[in-house]
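In: build me a model from this:
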Amino acid sequence: MKVLVVGNGGREHALVWKIKQSSLVKEVYCASGNAGIGKIAKRVNISPTDIYNLVRFAKENKIDLTVVGPEQPLSEGIVDRFNEEGLKIFGHQKSAAILEASKVFAKNLMKKYGIPTAKFESFEKEEDAIKFIKEVGAPIVIKADGLAAGKGVVVAKTEEEAIQAVKDMFAGKFGPASKRVVIEEFLEGEEASYICFVKDDKLAPMPTSQDHKRAYDNDEGPNTGGMGAYSPCSLITPEMEKEIQERIMYPTLKAMINEGRSMCGFLYAGLMIGPKGINVLEFNVRMGDPETQPIMRRLQSDLVEHILEILEGNIENVKPKWNPDYAIGVVMASKGYPDAYEKGKVITGIEEAEKDPDVVVFHAGTEEVDGKIITNGGRVLTVTATGEDIFKAREKVYSAIEKIHFEGAFYRKDIGFREVNRKKEPVPKFL
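Out: Numbers count the residues shown, from 1 in each chain. You can find the predicted model right below:
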């Protein structure tokens, strides 16, 4: 088989890495990829959102399967176009991708079908949103309606902060994504990620995981696309997982069918677990980044086999095998991220870090120039490691990071800290 992966981040590197291991696969292509992907797959110089040329490439090169990584091409209808041309592709059609592309749609769907989520209001005018904030007070959460690369959420601790966030969004901070905003109640608790393969009204679950959205240690600083993740997350007990499936995942799949928007692809629920029970913070219609990186490190069975079964309508046959060990991923980012940052910094030490057989470094914002790997984005690398417990996995990943260098590199030094606290063992000395 020839497989094309669409996207260029750490999530896509992890997908390519796993797809490459399939006994069914002869060649892997990636559009447009990054320096790390280029070492294990053939890079295609086509943007992930250039759907016309992606279709043309897939037809001309007789691609047997395309797997879509990011949300933007899904929301722009890549799956619909591939289907029209009789090309096999894994991902949601445009009509279903709205579940992520519009937070207003998602919140209204959850309200209509009784899927647990925070109370909310949506606004198209700045003055109405500010008036609402003054009425309800803070803390409160402000969200851009559309796609904003995981950065369109502000958890405002004060009214002033909330009002400023609204002003920034309506002033165009996230472009068309913030023409509408959602304002919702602040929920206390702990976040976790729950990701499944889905087809129509059925699902095949992946292991639990937890992302770290804030830029700095102790969950401080602005929201980012994600600074690290680990799997499994013991916050979600087996009983809780059953509740998540019965009260959230299955009802959402059925709700989407009722709305004429049947799903086929990955479905990600960002959850808040706290005093008000389990509530949905957001839905994504693709794998999370950086959750994909540790999850793929744990997948022992054949990802391509699973995808083909789903596309053939046999999702009930999909029973993935998972490594029982912990996997953790820590993002190394460019100085200034998630705001302005410089590019072109030379990266060294990746090969040294990967001498540990339990360490894999996934590239995100990287490029190769004159034989050197340089930075080319905000999130540059996700360094991953596996270990029999969270402590060993963390020790390995941070030991690996110490070997990797580029000017201005920064990373959180506390990824997995909640899991460590749950296990009631001391934090390793290196932290």
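In: how about low-confidence regions in this structure?
Out: 150, 425-431 (pLDDT under 70).
In: list the contacts of the residue nearest the centre of it.
Out: Central residue of the chain (CA atoms, centre = their mean): G288, 1.7 Å from the mean position. By CB atoms under 8 Å, 6 or more residues apart in numbering, the residues touching G288 are R11, S193, I195, S209, D211, G226, A229, Y268. To be clear about C-beta, it is placed using only N, CA and C from the backbone, and glycine gets the same treatment.
In: you'd agree Y337 is up against A364?
Out: No. If you go by CB atoms under 8 Å, Y337 and A364 don't touch, sitting 10.8 Å apart.
In: who touches both of these two?
Out: Shared contacts of Y337 and A364 (CB under 8 Å, 6+ apart): R379.
In: so the two - more neighbours on which side?
Out: A364 (29 against 21; other CB atoms under 10 Å).
In: help me confirm that the more buried one comes into contact with R379.
Out: Yes. Between A364 and R379 there is a contact under CB under 8 Å: 4.6 Å.
In: okay, and the common contacts of those two?
Out: Common neighbours of A364 and R379 (CB under 8 Å, 6+ apart) are G9, G10, V331.
In: which ones among those lie within strands?
Out: Among the shared contacts of A364 and R379, the residues falling in strands (DSSP state E) are V331.
In: most neighbours among the shared contacts of A364 and R379, please name it.
Out: G10 (33 neighbours).
In: who are the neighbours in contact with that one?
Out: Counting by CB under 8 Å, 6+ apart, G10 has contacts D289, P290, T292, Q293, G329, V331, F362, H363, A364, R379, L381, T382.
In: re the thing from before, just among the contacts of G288, which is most surrounded?
Out: A229 (29 neighbours).
In: which of the three states applies to that one?
Out: Classification of A229 using DSSP: H, G, I helix; E, B strand; the rest coil returns strand.
In: which segments of this protein make up each domain?
Out: Using automatic domain parsing, the domains assigned to the chain come out as 2-93, 119-185, 190-317, 326-422.
In: ok now the first one, how far from the chain's centre?
Out: What it means is domain 2-93. 17 Å (CA atoms, centre = their mean, to the nearest Å).
In: now the end-to-end length of it.
Out: 22 Å (CA to CA, to the nearest Å).
In: try the last one
Out: Counting by CA to CA, the length from the leading to the trailing residue of domain 326-422 is 14 Å.
In: what do you get for the longest one?
Out: Domain 190-317 has an end-to-end distance of 33 Å (CA to CA).
In: repeat that for stretch 343-361.
Out: Stretch 343-361 end-to-end distance (CA to CA) = 19 Å.
In: who are the contact partners of the nearest residue to L281 once chain neighbours are set aside?
Out: Closest residue in space to L281, ignoring its immediate chain neighbours: G270 at 4.4 Å, by CB to CB, 6 or more residues apart in numbering. Neighbouring residues of G270 by CB under 8 Å, 6+ apart: E191, S193, D211, V280, L281, E282, F283, N284.
In: so what's the second one up against?
Out: Neighbour list for S193: T208, S209, Q210, D211, A229, C233, Y268, A269, G270, L271, G288, E291 [criterion: CB under 8 Å, 6+ apart].
In: for the residue lying closest to the second one once chain neighbours are set aside, list each beta-bridge partner.
Out: Right, the one you point to is S209. Sequence neighbours aside, S231 is the residue nearest to S209 in space, at 4.0 Å (criterion: CB to CB, 6+ apart). On the basis of DSSP bridges, S231 is bridged to A327.
In: residues contacting S231?
Out: Contacts of S231 (CB under 8 Å, 6+ apart): P207, T208, S209, Q210, E291, P294, I295, R298, Y326, A327.
In: which of those residues count as buried?
Out: P207, T208, S209, Q210, E291, P294, I295, R298, Y326, A327 (16 or more other CB atoms under 10 Å).
In: sort out for me which of those are in strands.
Out: Per DSSP E, the buried ones among the contacts of S231 map to strands at Q210, Y326, A327.
In: follow-up on the earlier one: output the shared contacts of A364 and R379 as JSON lines; include the columns distance to N45.
Out: Compiled in JSON lines, these are given as follows (distance: CB to CB, whole Å):
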{"residue": "G9", "distance to N45": "17"}
{"residue": "G10", "distance to N45": "20"}
{"residue": "V331", "distance to N45": "26"}
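In: sorry, back to before: what separation do you get for the residue nearest to L281 and I257?
Out: 22 Å (CB to CB, to the nearest Å).
In: L15 too?
Out: 27 Å.
In: look at those two and report which has more neighbours.
Out: L15 (27 against 14).
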